[in-house]
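Colleague: Generate a structure from the sequence data that follows.
(one chain, ligands or ions: 1)
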Amino acid sequence: MSAGVYILTGYLGSGKTTLLQKLLAYLRKQDGQVVVLMNEMGEEDIDGEQLQGYGFPVKKLLDGCICCSIQGELTEGLQEILSTINPDHILIETTGVADPVDVVDALTHPELYDRMELKGIVSVVDASRFRDLNSRFQSKSSLVKTIRNQVKYADLLLLNKSDLVAPDALEKVKAKLVELNPYAPIHVTIQGDMDLDQLLQVKRIAEKVASERADDRTRGPFVQKSIGKMSAIEKVKQSLGLSASEPSLYNSIETFSYHFTYPVDPEKFEDFLWDLPKNVYRAKGYVLFKGRDELISFQHTDNQVHLFPFENFGPKMVAVFIGEGLDKEKIIRDLEACYE
Ligand SMILES: Nc1nc2c(ncn2[C@@H]2O[C@H](COP(=O)(O)OP(=O)(O)OP(=O)(O)O)[C@@H](O)[C@H]2O)c(=O)[nH]1
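Modeller: Here you go, the predicted model:
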């Protein structure tokens, strides 16, 4: 039996973990063993805590991106999972800055080839930010390339956070997605809600398209899909027009974590999150509020702040910041002002 592998990709804060939680709740009701392999930027595990309690093992690859710096660890992690657990499904959640092409690259390892089957690349798009990200980063080619590849190489697209955009704006994002990837079905979602059976039935577009138009190997999506057939890595890269030395977005992304020493003032902390500079692309973690007993999970993207009680008391009180050119001292100064 070979394990079915699903790659869950999408930019920082688009809703990958939210979808994964739903998928695990769904799979729990069915037979079959599932393993989650999740990759986070930085040394702290924030998302992993959100995935506890579903009854499936969660293997974490922290402090690096499986698309590049710890690509080898992904291969090793998969080898270990296949020989110890031999699950029916492996769900890989990538970091928000991972290029799916490079992740598939890691799956082409000869040791893994016969033991797993790539079922599909599921990409979560933040409807409220996609167009802005696409234009804001026009000048930053690695970022543009990554967010576009997350769409281009998807077998199924979730146009998530549709509750945050007006219908006409949603149509414009949709049109952009179709332009980048005319083959992947698009599901418009809120909180990743969709028919999960349909998600699990995702088909590699390579196979669908190849059977329809076997001779067309020149256009982007066709070529990319050949990676699903696990061709040799260099051939794949060449077919994608990528040179091995092409810099990854991950290389320009910084991350740091901060351990809280005291509870913070709730209002000041919320303001602090809203006022984070634009070059902080994502912040998340767990914190205690003055005068309240429960742990608070916080989530920040550049247009959203969420704070909600977190029942599990296991996590450390820690904040993780992800961005480019971060002024760490200033961010920490502003954060520590929330103790007062
Ligand atoms: N309004 C709204 N918020 C959403 C939706 N989906 C997810 N969120 C919120 O967006 C925030 C980020 O969601 P996550 O699921 O953690 O995103 P992610 O892609 O896993 O984030 P990273 O792993 O850090 O890249 C959380 O506060 C979610 O509750 C949605 O459809 N609408």
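Colleague: How about stretch 22-38, which residues are buried there?
Modeller: Of all the residues in stretch 22-38, those buried under the rule 16 or more other Cβ atoms under 10 Å are 22-24, 27, 34-38. Just so you know, the C-beta spots here come from the backbone N, C-alpha and C atoms, and that holds for glycine as well.
Colleague: Could you do stretch 51-67 as well?
Modeller: Going by neighbour count (16+ other Cβ under 10 Å), the buried part of stretch 51-67 is 51, 54, 56, 58-67.
Colleague: related to what we said a few turns ago, between the buried residues of stretch 22-38, which is closest to residue 309?
Modeller: residue 22 (19.9 Å; Cβ to Cβ).
Colleague: you'd agree that closest one is in a strand?
Modeller: No: per DSSP: H, G, I helix; E, B strand; the rest coil, residue 22 lies outside any strand segment and is helix.
Colleague: How about the contacts made by it?
Modeller: Contacts of residue 22 were listed using Cβ atoms under 8 Å, 6 or more residues apart in numbering, and they are 191-193, 196.
Colleague: Show me what residue 35 is bridged to.
Modeller: Assessed by DSSP bridges, residue 35 has beta-bridge partners residue 90.
Colleague: per-residue confidence for it?
Modeller: Looking at residue 35, its pLDDT stands at 94.
Colleague: can I assume it is in contact with residue 87?
Modeller: Yes: the criterion here is Cβ atoms under 8 Å, and residue 35 meets it with residue 87 at 4.6 Å.
Colleague: Mind listing the shared neighbours of the two?
Modeller: The contact sets of residue 35 and residue 87 overlap at residue 81 (Cβ under 8 Å, 6+ apart).
Colleague: Low-confidence regions, the stretch 101-250 of the chain specifically.
Modeller: For the stretch 101-250 of the chain, the stretches flagged by pLDDT under 70 are 110, 113, 136-141, 206-250.
Colleague: how does it look with 50?
Modeller: Within the stretch 101-250 of the chain, the ranges that satisfy pLDDT under 50 run 213-245.
Colleague: Residue numbers of it in contact with the ligand?
Modeller: 160-161, 163-164, 190-192 (Cβ under 6 Å from any ligand atom).
Colleague: repeat that with 8 Å
Modeller: 124, 126, 128, 160-164, 189-193 (Cβ under 8 Å from any ligand atom).
Colleague: Strands along the stretch 201-340 of the chain, start to end?
Modeller: Per DSSP state E, counting those that start in this stretch, the stretch 201-340 of the chain carries strands over the ranges 254-259, 280-288, 295-301, 304-310, 318-323.
Colleague: who wins for proximity to residue 78 among the ones you listed?
Modeller: Closest to residue 78 of the strands of the stretch 201-340 of the chain, according to Cβ to Cβ: strand 254-259, at 23.9 Å.
Colleague: who touches that closest one?
Modeller: By Cβ under 8 Å, 6+ apart, the residues outside strand 254-259 that reach it are 41-44, 285, 316-326, 328, 332, 335.
Colleague: out of those residues, who's near the ligand?
Modeller: 41, 322.
Colleague: Among the contacts of strand 254-259, the buried ones, what's the ChimeraX command?
Modeller: Applying 16+ other Cβ under 10 Å to those leaves a buried subset, and the ChimeraX line that selects it is:
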select :41,42,44,285,317,318,319,320,321,322,323,326,335
